[in-house]
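[1] Below is the structure, and that's it, no one-letter string:
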Ligand code: SF4
């Protein structure tokens, strides 16, 4: 995961509350077997509407989404975070996030920044007054700056530290690889291994046929 | 003060204690993988240029998408075929052992692990599947995980985890004949609710639990997740050791003696305290059936469809009314009069050899009801082979049931085995959610004995309702 200290990019005002994960990425896209390439799936239903904000040239390159309260409710699908990231979003700003979405974002290096709803309104106005305007998000100072407006945001201390160090859960755990190796040395001999594979004698399995 | 079994298991796998708000890091002894929740995890490894840290602690099988007919032909459904091909390719690329369709050890992950002797007391077991709680029956800490966590375990063989609370579920006394492990767990869920176990590891205790066979214990632990629990546990004892002994991966010689000596220490200390305790009297239990659209909406089979107005709580009242509408049931109808279209015998809850034997004993020498179809889907190919060796396949086929190949099948209807809209099933699986067994399908969760008796009579029934009720009920 890349280290996150500050990010500057185009802000996208999404004036909707309760954006659930089915809206972020509809279920039909969940059948894919890859981890990347979900950019086309992001807000798939809404993107059919030419007036939708991401269909407007000024916002197409957006990387900071400023949304209404209760962002990311509904199904726990991690695909919602993958789709936002694949599209190019680095930060989502809202006054409230669903717990699972917040957890999934932290794991994937997408910053979910919690800002007071009154401040969200200020940012919306500023971004709409000047489409394509840049925002600067400083994780170090926990602030969002848009022109002469600066508002502060909340993020869990532990998540903040992880993002700033650029450590995804796996990277973080691997920083303690020595501990894992030490632990492995203490494992008793009886604990099973799947390899080399042992089974009962191989037998032929007959294929069942449809009943008449 | 003493510690609970769950805490002992946690402590013995602690690689690192979390500080400054960080979670604990736990070592994982066994990681099971299937086709649905693993593709993105392997893809993540590839993207980051990482390897599977311990392929020899990992095992894969195909179950959710696999067909139960014509398994020697290419899989017709393209999405299913792609997911299975992806798993096969990933297993090959990363050196993970896999049991594919057609192999004698293919089957539902939670049936395959114990059967190979890979699940043992004192372990941590994870899988990208919520019913991993099944393995807790051995006195192992076993829980389902999400796809990011699957990737994490593949890469590090550990998981960062936040602590849990402990709950004792005491089932004292003796179960009446014809009342099974499935009825126990349905009664537990009806009592504590589908959210009652949230944040807890449940430990099932008491005489009635001790008296259960290993397979019956797996049935109980399997459905812990249906009470919202992180995991379910039963302390290992002679029944457990007996079951593990001699299986392909069971320890041998000195290793076996060392293992058993250690396993015997895996009990909750007499002076340990649980955060919550629940008591059930086994003697008061009877065959259970669900009437609604979550596993907590269940009642004894001898009862009638409840009236939503009878629920004091407004939310429950509304939930009941919605459930009855979906299920097409009228309050006051005795359950025994509810006609069933399909009986499904299978799944990781009740698709093991003992389940098939119990059902076969009920239907032996009888004919299935004309308007009811019965699908028998062994939990694994090995279970199917065993049943065939015992002649159970013939019993089912002569009865009029369909004898299928192993897999998850109608438990979740990802393969062609699905209910039609409004079709009603009596199912030995674990989830009666709306659409779980097929869009618009109506599911009643039952034990294998009730499933068998229902297939005979064509309405929800227990073996005691059959003419010449079998000897086991005497
Ligand atoms: S049998 Fe059903 S519950 Fe068990 S793993 Fe398969 S789909 Fe999940």
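    Structure received. Keep in mind the model is a prediction, meaning the values are calculated, not measured.

[2] neighbours of residue B:318, just the number please.
    Number of residues near residue B:318 (other C-beta atoms under 10 Å in any protein chain shown) recorded here: 12. Placement of C-beta: from N, CA and C, glycine included.

[3] Kindly report the same for residue B:226.
    25.

[4] For it, give me its contacts.
    Residues in contact with residue B:226 (C-beta atoms under 8 Å, 6 or more residues apart in numbering or on different chains) are B:185, B:189, B:194, B:295-296, B:430-431.

[5] Mind naming the longest strand for chain A?
    strand A:6-14 (DSSP state E).

[6] and it, which strands flank it?
    Using DSSP bridges, strand A:6-14 pairs in its sheet with strand A:64-67 (parallel), strand A:134-138 (antiparallel).

[7] chain center to the helix or strand that the first one is followed by: distance?
    The reference is to strand A:64-67. Sequence-wise, the next helix or strand downstream of strand A:64-67 (DSSP states H and E) is helix A:79-87. Relative to its parent chain, helix A:79-87 has a centroid offset of 6 Å by C-alpha atoms, centre = their mean, to the nearest Å.

[8] what's the longest helix along chain A in contact with?
    Counting residues, the longest helix found in chain A (DSSP state H) is helix A:117-129. For helix A:117-129, the external contacting residues (C-beta under 8 Å, 6+ apart) are A:11-13, A:15, A:66, A:68-69, A:93-95, A:115, A:133, A:135, A:144, A:146-147, A:149, A:151.

[9] Show residues contacting the lowest-mean-pLDDT helix or strand in chain A.
    Least confident helix or strand of chain A, by mean pLDDT, DSSP states H and E, is helix A:99-108 with a mean of 87. With contacts defined as C-beta under 8 Å, 6+ apart, helix A:99-108 is touched by A:21, A:71-73, A:76, A:78, A:80-82, A:85, A:92, A:97, A:111-112, A:156, A:159, A:162-163, A:168-169, B:148.

[10] quick one: residue A:190 and residue B:258 touch, right?
    Yes. If you go by C-beta atoms under 8 Å, residue A:190 and residue B:258 touch, sitting 5.7 Å apart.

[11] Settle it for me: which of these two has more neighbours?
    Between residue A:190 and residue B:258, counting by other C-beta under 10 Å, residue A:190 is the more crowded of the two (20 against 14).

[12] Contacts only, for that one.
    Per C-beta under 8 Å, 6+ apart, neighbours of residue A:190: B:120, B:251, B:255-256, B:258-259, B:262.

[13] Just confirm residue B:216 contacts residue B:354, I think it does.
    Yes. Counting by C-beta under 8 Å, residue B:354 is a contact partner of residue B:216 at 7.1 Å.

[14] ok so, going back, pull out the buried residues from the longest helix of chain A.
    A:119-121, A:123-124, A:126-127 (16 or more other C-beta atoms under 10 Å in any protein chain shown).

[15] same thing with stretch B:428-445?
    Quick answer for stretch B:428-445 (16+ other C-beta under 10 Å): B:428-432, B:434-438, B:441-445.

[16] start to end distance for that stretch?
    6 Å (C-alpha to C-alpha, to the nearest Å).
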